[in-house]
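> got a predicted model here, sequence first, then my questions.
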Amino acid sequence: MLPTETKAPLLTSVLTCPVCQHAQAEQMPTDACQWFYECTSCHTVLKPLAGDCCVYCSYGSVPCPPIQAQGPGSCCG
């Protein structure tokens, strides 16, 4: 029997502002949720959408590390 391979989570996500569409690659924290993010272009402060745990899950190209590793409901609970 082969050991189960654990995939390391991606730690960079591209956040796209819903107001101005500016996209910015950011390093995600592994030990906390990021609830606010200020767009570097238009300075709109982004907050998670209803049902999402953080701005990366709402606006990022990659969900936050806990969601990548364990699925929905595994973050900031």
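Received, thanks.

> tell me who's in contact with the residue nearest the centre of the chain.
Geometric centre of the chain, nearest residue: residue 56, 2.1 Å, by Cα atoms, centre = their mean. Contacts for residue 56 (Cβ atoms under 8 Å, 6 or more residues apart in numbering) come out as 13, 15, 26, 28, 34, 62, 63, 64. Bear in mind the C-beta positions are built from the backbone N, C-alpha and C, glycine included.

> pretty sure the last one is touching residue 52, no?
No. Using Cβ atoms under 8 Å, residue 64 is not in contact with residue 52; the gap is 9.2 Å.

> of the two, which one has the most company?
residue 64 (27 against 21; other Cβ atoms under 10 Å).

> tell me which helix or strand the residue nearest to the more buried one when sequence neighbours are not counted sits in.
Nearest residue to residue 64, sequence neighbours excluded (Cβ to Cβ, 6 or more residues apart in numbering): residue 56, at 4.6 Å. Using DSSP states H and E, residue 56 maps to helix 55-59.

> cool, and residue 67?
helix 65-70.

> state the mean pLDDT of that helix.
The average pLDDT for helix 65-70 rounds to 84.

> ok so, going back, rounded mean pLDDT for the helix holding residue 56, please.
Rounded mean pLDDT across helix 55-59 is 95.

> cool, stretch 10-23 as well?
Here the average pLDDT along stretch 10-23 is 97.

> now swap in stretch 37-44 and tell me
98.

> now do stretch 10-26: distance to the chain's middle.
Centroid separation between stretch 10-26 and its chain, computed with Cα atoms, centre = their mean, to the nearest Å, is 9 Å.
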